[in-house]
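# Sequence and predicted structure, then a few things I'm wondering about:
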Amino acid sequence: MPFEGPYGVESHRIEHENAQPGTTAWEIPAGMSTVAIQGFADHTYAAAGDAVGLYVTTPSRRFRVEAFRMGYYGGAGARLVWRSNEIVGRTQPRCQTTNATNTVSCDNWTPSLQLRLTSAFVQGDYLLKLVAGGGVGESYVPLTVWDPTSHAAYLIKNDIYTWQAWNPYGGYDFYAGQGNCPANVYPICNRARVVSFDRPYGSGDGAGDFLGNEYPLVRFAEQHNLDVAYATDLTVQQHPSFAWAHRALLSLGHDECWSRTEREAAISAVAHGTNIVFFAASPVLRHVRLQPSVLGPDREEVDYRDGAADPLNGNGSPLDVTGNTWSSPPANWSEDSFVGAAYAGFLEPNAAPADFTVAEGSAWIFNGTGLQTGSKIPGLLRSDFDHFESSTHPSNEEIFAHSSIPLAQAQSQIGASQGSIYSDMTYYTNPTSGAGILDTGTNNWIPALSPCPTGTTGCPAPTISKITDNLLRVFGAGPAAQKQPATPNWQQYY
C-alpha cells in the first residue's frame with residue numbers, strides 16, 4: 001500500500017523493484033556505432049500480455065535484443081528484464097518518403113521478431129537495446145509498459161508526440177527537411193507535415209528525447225520510492241480517464257505537442273482534482289492529431305503548422321485543424337489559461353545559461369532550500385522558457401520565480417517588442433476541484449536533476465531535488481489547494 005514518506009507518496013512496490021539487482025549494461029559504450037543497427041517497435045506503449053513487433057535493420061549476420069527497465073537500482077540505472085536469442089540480421093529496404101507531406105516511413109520493412117510481454121515486464125519505462133553481432137553497433141528502441149488498473153499517486157507521461165515531432169530519421173521532421181526554401185520564412189517550407197512512428201528515432205541513440213529530457217526524473221522518482229505509474233501521450237489520448245485515476249500527472253520532457261483528445265483528457269483530470277506539473281517550458285504549444293498507418297491505428301502524427309494548408313480545414317472540427325500553434329486559427333484555443341504561462345522564446349544553443357531568480361522565498365516550494373527572495377540558482381535556465389501572460393491567466397496565479405533573460409542571447413518576439421523578457425515559474429489552483437497546476441518555466445528542470453559529476457561545484461541538482469521533493473509531496477497528497485492554495489502575487493511583477 002502507498003504511504004506518506006519524506007519525498008511524497010511512496011510505494012513498497014517501487015522500493016522492492018529497485019532493490020533488485022541493477023546493471024549498467026544498458027549503457028552504450030563510448031565510440032560504439034548507433035547506426036550499424038537501428039529499429040522501431042509497432043507499439044509506443046503496451047501492457048503485460050501484449051505482443052510487440054520489432055523491426056530491425058543491420059548488416060550484421062546476427063543480433064540480439066535486451067530489455068532494460070529504467071529506474072534507480074542502487075545507482076546502476078536499469079534492470080535487465082529479458083534477453084532474446086540470437087536473431088538473423090538483415091539490411092532492410094530504404095524507407096519510403098511521401099513527397100506531398102515529406103513523410104518518412106519504414107512500413108516496408110519486414111518484422112524481425114515479436115516480443116511477448118510476460119508478467120516480468122512490470123510497468124515502467126523500458127529501453128530495448130539492439131546489439132549487433134561482432135560488437136559493431138548498438139542502439140535503443142523505447143517502450144512504455146503501463147498498468148491499465150493503476151491508481152498510483154503519480155502518473156509519469158512520456159511525451160512521445162514531441163519525440164516524434166523532432167525525429168530527424170530519414171531527413172524530415174516538423175522543423176526541418178531537405179531541399180531549398182526561401183530565406184527568413186518560418187515555418188520552413190521543406191518540413192514534414194506528417195511524421196511516422198514507423199521508423200527509428202534518429203536522435204538519442206534511438207531513444208528520442210527520453211534519456212536527456214525525461215530519464216533524470218524517472219530515476220529521481222524511483223530512487224525515492226515514489227508511487228509512480230507510466231503512460232505516454234497516446235495512452236492518455238486513447239484512455240482519457242486513465243489520467244483521472246492518479247493524483248498528479250507529470251508532464252515530462254519538452255512536452256510541446258498535444259492532440260485535442262489528450263488536452264481534453266488533461267482538462268477533465270484537473271476538473272476531477274488531478275494536479276499537473278509541467279516540468280518543461282512550452283507545454284501544449286503545438287497542435288497535432290493522429291492518423292493510422294499501414295502498421296496500425298495512430299501511427300502517424302499530423303501537424304501542418306498552417307491551418308489553411310491542412311486538408312481538414314473546412315472539413316472537420318476547427319479543434320482538429322493543425323495551425324502553427326494551438327492559439328492559431330482556426331482552433332484559436334490558447335493554452336495560457338490552462339498551463340498558467342505562455343511560451344516566450346528560447347536561449348540560443350551556444351548562449352550561456354541564465355540564472356533562476358526566486359520571486360517569493362517564503363513560498364512552500366522553497367522550504368528547506370535556504371533560498372530567499374532574490375536568491376539565484378546560477379545557470380539553471382536553458383533552451384525554451386515560459387513567462388506569465390498578463391492578458392490570459394488564472395486570477396489566483398502565483399509567481400514563484402521571475403528570472404531575467406538576456407535579450408542578446410535569446411530569440412523572443414515578446415522580448416523584441418517589450419525590451420525585456422523573463423522566465424517565470426507559475427502556480428495556480430483550480431477554484432472548483434482544488435487541483436494545482438505548476439509550470440517550471442524552463443526546459444532544463446529535468447536535466448538539472450542529473451547527479452552532479454564528481455568534483456564539480458555549483459551543480460544545481462541538490463537544490464532542484466529539494467524543490468522537486470516539496471512539489472511532489474504536496475501534489476501527491478491530493479488536490480493541492482487542500483494543503484497549499486495559490487496566493488496571487490502576479491500584480492507585483494506584471
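Alright, I've got the coordinates. Remember, predicted model here, so these are calculated numbers, not experimental data.

# surely A351 meets L407?
No - with contacts counted by C-beta atoms under 8 Å, A351 stays clear of L407, the gap being 10.8 Å. Every C-beta, even on glycine, is put in place using the N, C-alpha and C of the backbone.

# hey, which helix is longest across this protein?
helix 461-475 (DSSP state H).

# Mind giving me the packing neighbours of that one?
Packing partners of helix 461-475 (3 or more C-beta pairs under 8 Å, 6 or more residues apart in numbering; DSSP states H and E): strand 8-10, helix 215-223, strand 275-278, strand 376-381, strand 436-439.

# Might you calculate how far that helix sits from the centre of the chain?
18 Å (C-alpha atoms, centre = their mean, to the nearest Å).

# That one vs strand 376-381, what angle?
Here the directions of helix 461-475 and strand 376-381 differ by 90 degrees (axes from the mean of the first three to the mean of the last three C-alpha atoms, to 10 degrees).

# Identify the residues contacting helix 461-475?
6-8, 154, 217, 220-221, 224, 226, 247-248, 275, 277, 364-369, 371, 377, 380, 436, 438, 445, 448-452, 480, 483-484 (C-beta atoms under 8 Å, 6 or more residues apart in numbering).

# Can you name the residues in contact with the helix or strand harbouring L80?
Under the criterion of DSSP states H and E, L80 resides in strand 78-83. With contact meaning C-beta under 8 Å, 6+ apart, strand 78-83 is reached by 17, 20-26, 64-71, 73, 115, 118, 120-121, 126-127.

# switch to 7 Å and redo it
Strand 78-83 is contacted from outside by 20-23, 25-26, 64, 66-71, 73, 120-121, using C-beta atoms under 7 Å, 6 or more residues apart in numbering.

# Which other helices and strands does the helix or strand of the chain with the lowest mean pLDDT contact?
When each helix and strand of the chain is scored by mean pLDDT, DSSP states H and E, helix 413-418 comes last, with a mean of 79. Helix 413-418 is packed against strand 342-347, with contacts defined by 3 or more C-beta pairs under 7 Å, 6 or more residues apart in numbering; DSSP states H and E.

# so what strands line up beside the strand it packs on?
strand 384-387 (antiparallel), strand 410-411 (antiparallel) (DSSP bridges).

# Of the ones you listed, flag the one that's most buried.
Among the strands paired with strand 342-347, strand 384-387 has the highest mean neighbour count (mean count of other C-beta atoms under 10 Å), at a mean of 27.

# Quick check: mean pLDDT of whichever helix or strand comes after that strand?
Once the chain leaves strand 384-387, the next helix or strand it forms, by DSSP H and E, is strand 398-404. The average of the pLDDT scores along strand 398-404 is 98.

# Residues in contact with strand 398-404: which ones?
Contacts of strand 398-404 (C-beta under 7 Å, 6+ apart): 354-360, 363, 365, 381, 388, 422-428, 441, 486-490, 493.

# related to what we said a few turns ago, so what strands line up beside the strand holding L80?
Here, using DSSP bridges, strand 78-83 pairs with strand 62-70 (antiparallel).

# can you tell me how far Y154 sits from K129?
26 Å (C-beta to C-beta, to the nearest Å).

# whoops, G458 was the one
Relative to K129, and taking C-beta to C-beta, G458 is found at 34 Å.

# Now the weakest link among the strands paired with strand 342-347, please, by mean pLDDT.
strand 410-411 (a mean of 91).

# where do the strands sit along the stretch 1-150 of the chain?
3-5, 8-10, 38-41, 45-46, 51-57, 62-70, 78-83, 87-88, 96-98, 103-105, 113-116, 124-132, 138-145 (DSSP state E, counting those that start in this stretch).

# Please save the CA atoms from the third one in PDB.
Taking only C-alpha atoms (Å, rounded to 0.1, in the frame of the first residue of the first chain), the coordinates of strand 38-41 have been written out as PDB:
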ATOM      1  CA  GLN A  38      18.600   0.500 -35.800                       C
ATOM      2  CA  GLY A  39      14.900  -0.300 -35.300                       C
ATOM      3  CA  PHE A  40      11.500   0.600 -34.100                       C
ATOM      4  CA  ALA A  41       8.500  -1.100 -32.400                       C
END
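
# State the phi and psi torsions of R289.
phi -140, psi 160 (degrees, to the nearest 10).

# Test of understanding: give the bridge partners of it.
V302.

# Let me see the contact set for it.
With C-beta under 7 Å, 6+ apart, R289 has these contacts: 259-260, 302, 320, 322.

# With pLDDT, secondary structure and neighbour count as extra columns, can I get those residues in a markdown table?
Listed next are those as a markdown table, based on pLDDT from 0 to 100; DSSP: H, G, I helix; E, B strand; the rest coil; neighbours: other C-beta atoms under 10 Å:
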| residue | pLDDT | secondary structure | neighbour count |
| --- | --- | --- | --- |
| S259 | 98 | strand | 23 |
| R260 | 98 | helix | 20 |
| V302 | 98 | strand | 23 |
| D320 | 96 | helix | 19 |
| T322 | 97 | coil | 28 |
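
# ok, of those, which one's closest to F40?
V302 (18.7 Å; C-beta to C-beta).
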